[in-house]
Structures are given as structure tokens and as C-alpha cells.
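1. compute the structure for the input listed below.
(2 chains)
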Number of protein chains: 2
Amino acid sequence: MTIMIKEPIAQRWPTVFATISCVLFLAIVFASPLFAADADRDLMNRAAAIFGPLPASMPSPDNPITPEKVKLGSMLFWEPRISSDGVVSCAKCHPLGLSAADGLKKALGNHCKENPRNSPTIFNAAAQISAHWIGNRTGVEDQAKQALIGPPSFGMPSYESVEKILKSMPGYVTLFRAAFPKDEDPVTVDNFARAIGAFERTLMTPSSFDDFMKGRNAALNEHQKRGLRAFLDTGCMTCHSSPYLGGQMYQKFGVFQPYGNLTKSQPVDEGRFAVTKNEADKYVFKVPILRNVAATPPYFHDGSVDKLEDAVMIMAKLQLARDLSKEQAADITAFLGSLTGAIPETAVKVPLLPPAD
Amino acid sequence: MTIMIKEPIAQRWPTVFATISCVLFLAIVFASPLFAADADRDLMNRAAAIFGPLPASMPSPDNPITPEKVKLGSMLFWEPRISSDGVVSCAKCHPLGLSAADGLKKALGNHCKENPRNSPTIFNAAAQISAHWIGNRTGVEDQAKQALIGPPSFGMPSYESVEKILKSMPGYVTLFRAAFPKDEDPVTVDNFARAIGAFERTLMTPSSFDDFMKGRNAALNEHQKRGLRAFLDTGCMTCHSSPYLGGQMYQKFGVFQPYGNLTKSQPVDEGRFAVTKNEADKYVFKVPILRNVAATPPYFHDGSVDKLEDAVMIMAKLQLARDLSKEQAADITAFLGSLTGAIPETAVKVPLLPPAD
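-> Next up, the predicted model:
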């Protein structure tokens, strides 16, 4: 009986196999959108868990944001008359149309003086642990204030000289008074810094990546989703963390080999060592925020690399000892494109500045 | 009888005189608002007849204005990546927040090179007979195109080099194609010039002076009305004609004496003579538009005078041999303040520029 039973089954093998294959094939064909949706949902959840949602606004405990401060700050952002050559405003090195970075290797300040490092975008910049590539400014207010007398930036001889110019324009006196109503003498560089800081804290740039993390699957295309997966699988988010994808820590640039090997940087910048004089801080820089990165070439602290795809490959090699394929680098680059946002509402309109008296 | 009649009348003279005086005095006191309103209405009508109303739009027969051209032009206006140092855009010498002039004596172009003359505002500029102080550009399109290769402005080596950069950015190729749909090869510097020109032709700045000419008496205060009267009585509108108050003719700067006597210009610029080599054109310049003049110091082709009140006194002396009192100059300056308009709707928002490929 056992033989009787065995034989017909053995004879039916081709048919059984064909049937199973057919069912599996149809199952795969018809269920693939569901599988894909599942995979996308997993990616969404994974990204949302790793980065977290972009907050509705930036915290500003030491410099409460008021509409009056933001209005004044948005005007001072465009103001060139407080620079030594009458040309430098915040907007010079942070042109809003180029996502608030200037597209140069290194910024050019008053009298075309070259700055030591590349201008980062000011979009989302207030969310960082510090300002400048080497963290030698405590925050955006400190950066704004010190820029006024920075020899390669505004280049003014003193804070008093800035205050004198601002006080000479009645329009500004009124605006400072409105923004700092409790101050007896409101036109000061500290209040200049507070107004700029309040303005900068409004410069958040939600993008299609946020829509994706919130569940809108179509917000990223397949190229970008592959890139996001590769970004996470490669380990980029270890440093490019938080909803801003960076700005939260310092890291040695060139963990596995000197960065100059691949960036061809001349000279090689020792980074945060200049601030702390601590040997461990040699070649250490603040991890930059990746929001708007596709719109803000060239790359790295010295702008030594022009193309984002090249920068991605170099980073994987230097920081993670990973050799990305051209396709992986292109995918990650496509994903990074989903981090470009619009010019924020508080910045997009050019304000008419007070006339000279 | 003649004597009889004469005597009582002669005796009554003091009474008659007092009565007439009293009636006249009361008439003046009570009717003065009416007289004033009449005077204001006369001033309105006089100004409207002399300058004419600001048209609703600028004519543009050779370069029809389309929304696509204006959109492209508004982006190219902000574009620094087509300059030899990557810093110069139209917006550099025409910062919108300063009413589209840069506040410098002479404009600074690529690599901080000084331009030969002061940057005029581009607001309303397309309404002029020509572009540049000495009229060496036929119009705004010609100015925009030639600026690209102007050694002290954008400083690009050739038109081809500009076209190559624009063509390298897919976003611009799409925008040029939309703006010039009939062109096989739309990304050209001529189309660059047309787009900028279309954008500039939208940059009109109606102001409170227009409201006054339209009949809103309160649009000018008494100081400004006195200034308008002084402006007309002094004869300024002979050259500063049309609804733009200038831009319609060339004139010798220094009719009654060399302008350098009062402006202290160093060196003295021979003006339009450089263009025509005609002796009669020595020291001849285009009469500048006075709209937004209070917001666009310093003054004259070389920015040699800082204060508008000083410029007003110098002009009256040089061009009309009139010595204005301090009060008259202050009045005229107050009137000129009524010519400052808002940043036009098409220019006030900063556009996000196409990313590099």
C-alpha cells in the first residue's frame, strides 16, 4: 500500500511542482505592492525613530522669540551699512536664493577678504550645539555679534561704531525700542545679536523628507527611498543625527585616514584644536546639518569638494571605511535632495530698510 | 452841497476803515481753510499737469512682458554663479532693501573692483531714455547683457561662458524654455537680457506723491507740500520731468559753473563726452529719476555728496543759479521723501534658485 501510494505521488511531481510555482508566482506578483508598502512603512518608521520629527519651533530659552525681534532681525540680516566697506550684510555670505549659503569655497567678507572656512547655511543653524565649523561661537547670537568686528567678515573697528551707525537712523531706534521695550538704551550690539538670533530661530525648512516620515509614502521617490536605506545601512546617521541630520556633536574628520588624502585640502585645517588646544581635537569639526545640503555646494569646511556625490563617497570612506558603489552614492545623493526646503516665511520677503537720517 | 457831503464822509473815515479792516480780518480768519484747500487743489492740479500720472505699466514693445519671463528674470536677478568670482549678481549693486541702490559712492563689482560711477536704483529705471549715467547702454536689456562681461561688474570672460553655466543647471534650462517657448536654443545671453528686462519693467514704485496727485490731500504733509511748491517754483521739473521725475533727457551738470566747484568731485568726470566725443557733451549726464531718491544716497554720478539736502542746494546753484535757503532745501527734501515707494510685488520675494547639477 505504501508503494501504491508513493508511486502516484512520484508520478505527479511535475504537476505538483508546476502548481506550487504558479501559485507562488501569482502570490508574488499580486502581493508585491503590499510587500513594497510594508517595506516603505518599515523605512518610514525606522527613519522616524532614528531622526525624530522636526519640532514645530526651535527652543529659545535665553532669547524669547517675539514678532518685534524677528521683524528687526530680518531687517538687520539685510543691513550692509554696518560693515567697514558698506557691502557686507548677513545676506552676503548667506544668500537666501542659494538656500542661505554662498556657493563659494570660503566666504568673502569686507574688502573681499577670504574667511578661514566655508559659509554654512543659516537655515536650521540655530538648532546646533554651537556656531562655526570649529564651534568657536556659542550660538547664533554670539556668532552674529562677533561677526560685526570679525576682521574678514563685517570688519568694523568696534561695537561702539556699529551702535553709532544704528543710532543715527531714526527708523532703527524705533524698531529696537519696539523689540526691547524694557531697555532704557535699546540700540546695542547685544540686542542686535538677540534680534538676529530670534530671526534665525524661525528659519526652519521642513521638506519632503518630513512628509515621508509623517507617512506620505509618495513624498520620496524610489531612488530617494533606496538612498535613505543606504544612508541608514551605511551608518551615516550615527553622526548626522536628530531631526536636523547633524549639528549635535563634534567628530574627527578622517576617522580611518587623514581627510586630506581624499579631499586634497590645501592647507589641512586642524579644526577644533585651534579652540581647545587639546590634541584629541585635532581635525575635529562640528558635524554639519544635512538639511539643504544638495542646494549648498561646495562641501566640507573648506569647500574642497564640488559635487555632493563625491562628498558622499569620501565621507563613507573616511568616516566608516566603506566603499560605496557609484549607484549607492547616487541613491544617497538623491535622498539628500529630499532635505531641501523652501525659504522660510519670515525670510522670503526683502524688507525695506530705514533710510539714513 | 459838495462841501456838505464831503465833510461828513471825511469825518467818518476812521469808522469806515475800521469796519472794512474788521470784515477783511474775519473773512481771512474764517475762510483760510477754504483758501488753503484751494491752494492744495491748485498744487495737485499743477503737479498732475506737469508730471502726469504714473502709467499702470511700462511699455515694452520690443520685449513683451510675460509672467514666465518675469519669473525667470527675477531669479536671474539674484544669480551670482554667472560672475567671475561667484559673488556678483544684479542684487549686489542693487540691494532691494536699500531701494535697489547700494549706498556706495561707486559700485564694487567682481573681486571688489570699483565701477566708474554710482549705482542708480533699478526701480523705474526701464522708463529712462537709456541706461547708465552717460547713456552708453541703450536700455535695461542692453545694460543687463553687457554687465555680464563688464570687467568691473560680473567680469565673465565671454557670453559663451555664461551660457555654459546656465545650461549646466537643468532648472534654468526648463525656465528658459518656458519663457522662450519658440526658441530652439533658448538659453542665450540675449534671452537672459530679455528676462531681466521684463522683470525690470515691472519694477514701478508708486508712492504717496501719486496719491496726492490723484487728489488725496493728506498724502503729503505741509512740509512736503511747501517742498513741492518750492520744487516747481525753483524750476527743478524742467529737467526732472515725466511721472518718473527724470530719466527723459541729458543735461550738462554745471550749467552756471563747473560742478566740481561744489561737489568737490575728484576726478571730474566728462560724462557723455566719453560716448559721443562731441565737445557739446562734455559734463553732460542723463538726468536721474528722482523716485526713491531719499532712500538712495549718496548723490550724483560719483556719489560725491552724502546728504540729500546738500544735493538739492548744489543742484539749484549749479543748474539754475538759485540760492535756496536752508528752509527751502529742507522743504524740497521733505517733498522728495514722498517719492519713496515700496519694493514692487514682483521683486519682494527671494526666489530659490535652481541647484547646480
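2. A:P288 and A:G246 touch, don't they?
-> Yes - counting by CB atoms under 8 Å, A:P288 does reach A:G246; the two are 5.1 Å apart. Placement of C-beta: from N, CA and C, glycine included.
3. now do the SS call for A:S83.
-> coil (DSSP: H, G, I helix; E, B strand; the rest coil).
4. how far away is it from B:Y244?
-> Distance, A:S83 to B:Y244, by CB to CB, to the nearest Å: 31 Å.
5. please say which of these two ends up with more neighbours.
-> B:Y244 (26 against 22; other CB atoms under 10 Å in any protein chain shown).
6. you'd agree the more buried one is up against B:F123?
-> No - B:Y244 is beyond contact range of B:F123, at 9.8 Å (criterion: CB under 8 Å).
7. okay, and the common contacts of the two?
-> B:R291 (CB atoms under 8 Å, 6 or more residues apart in numbering or on different chains).
8. what parts of chain A come near chain B?
-> When proximity is defined as CB under 8 Å from any CB of the partner chain, chain A approaches chain B at A:75, A:78-81, A:85-87, A:89, A:95-99, A:102-104, A:108, A:111-112, A:294-295, A:297, A:340, A:342-343, A:347-353, A:355-356.
9. PyMOL command for the buried members of these?
-> This is the PyMOL syntax for the buried subset of these, where burial follows 16 or more other CB atoms under 10 Å in any protein chain shown:
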select buried, chain A and resi 75+78+79+80+81+85+87+89+95+96+97+98+99+102+103+104+108+112+294+295+297+340+343+347+348+350+351+352+353+355+356
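10. restricted to helices, list the residues of chain A next to chain B.
-> Counting by DSSP state H, these place A:75, A:347-348 in helices.
11. among those, which one sits closest to chain B?
-> Of all those, A:V348 has the smallest distance to chain B: 5.2 Å, by CB to the nearest CB.
12. where's that closest one relative to B:R81, distance?
-> Distance from A:V348 to B:R81, by CB to CB: 20 Å.
13. could you do A:Y244 as well?
-> Distance, A:Y244 to B:R81, by CB to CB: 26 Å.
14. for A:I165, same thing?
-> Looking at A:I165 against B:R81, where the rule is CB to CB, the gap reads 31 Å.
15. quick one: the helices in chain A?
-> Per DSSP H, chain A carries helices over the ranges A:2-51, A:67-76, A:90-93, A:140-149, A:159-167, A:170-179, A:189-200, A:208-213, A:222-234, A:260-263, A:273-276, A:308-320, A:326-337, A:345-348.
16. just these: most buried one?
-> Neighbour counts (mean count of other CB atoms under 10 Å in any protein chain shown) averaged over each of those peak at helix A:189-200, with a mean of 25.
17. and the angle for it with helix A:67-76?
-> 100 degrees (axes from the mean of the first three to the mean of the last three CA atoms, to 10 degrees).
18. what sits against A:H301?
-> A:117-118, A:133-134, A:253, A:269, A:271, A:285.
19. can I get the residues you listed in JSON lines with neighbour count, distance to A:P53 and pLDDT?
-> Output for these, formatted as JSON lines (neighbours: other CB atoms under 10 Å in any protein chain shown; distance: CB to CB, whole Å; pLDDT from 0 to 100):
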{"residue": "A:R117", "neighbour count": "19", "distance to A:P53": "31", "pLDDT": "97"}
{"residue": "A:N118", "neighbour count": "24", "distance to A:P53": "29", "pLDDT": "98"}
{"residue": "A:W133", "neighbour count": "22", "distance to A:P53": "27", "pLDDT": "98"}
{"residue": "A:I134", "neighbour count": "23", "distance to A:P53": "30", "pLDDT": "98"}
{"residue": "A:F253", "neighbour count": "25", "distance to A:P53": "29", "pLDDT": "98"}
{"residue": "A:D269", "neighbour count": "21", "distance to A:P53": "34", "pLDDT": "97"}
{"residue": "A:G271", "neighbour count": "25", "distance to A:P53": "31", "pLDDT": "98"}
{"residue": "A:F285", "neighbour count": "23", "distance to A:P53": "27", "pLDDT": "98"}
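20. nearest to A:R226, of these?
-> A:F253 (26.6 Å; CB to CB).
21. give me the number of residues near the nearest residue to that closest one once chain neighbours are set aside?
-> For A:F253, ignoring the flanking residues on the chain, the nearest one in space by CB to CB, 6 or more residues apart in numbering or on different chains is A:Y259 at 4.7 Å. For A:Y259, the neighbour count with other CB under 10 Å is 27.
22. just for chain A, where's the confidence low?
-> Scanning chain A with the threshold set as pLDDT under 70 gives A:1-14, A:16, A:22, A:25-36.
23. and if we set it to 80?
-> A:1-36 (pLDDT under 80).
24. using PDB, write out every CA atom in stretch A:50-57.
-> The C-alpha coordinates for stretch A:50-57 follow below in PDB (Å, rounded to 0.1, in the frame of the first residue of the first chain):
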ATOM      1  CA  ILE A  50      16.100  57.500  14.300                       C
ATOM      2  CA  PHE A  51      15.700  61.200  13.500                       C
ATOM      3  CA  GLY A  52      12.500  62.100  15.200                       C
ATOM      4  CA  PRO A  53      10.000  64.700  14.000                       C
ATOM      5  CA  LEU A  54      11.200  68.200  13.200                       C
ATOM      6  CA  PRO A  55       9.800  70.300  16.100                       C
ATOM      7  CA  ALA A  56       7.200  73.000  15.400                       C
ATOM      8  CA  SER A  57       9.600  75.700  16.500                       C
END
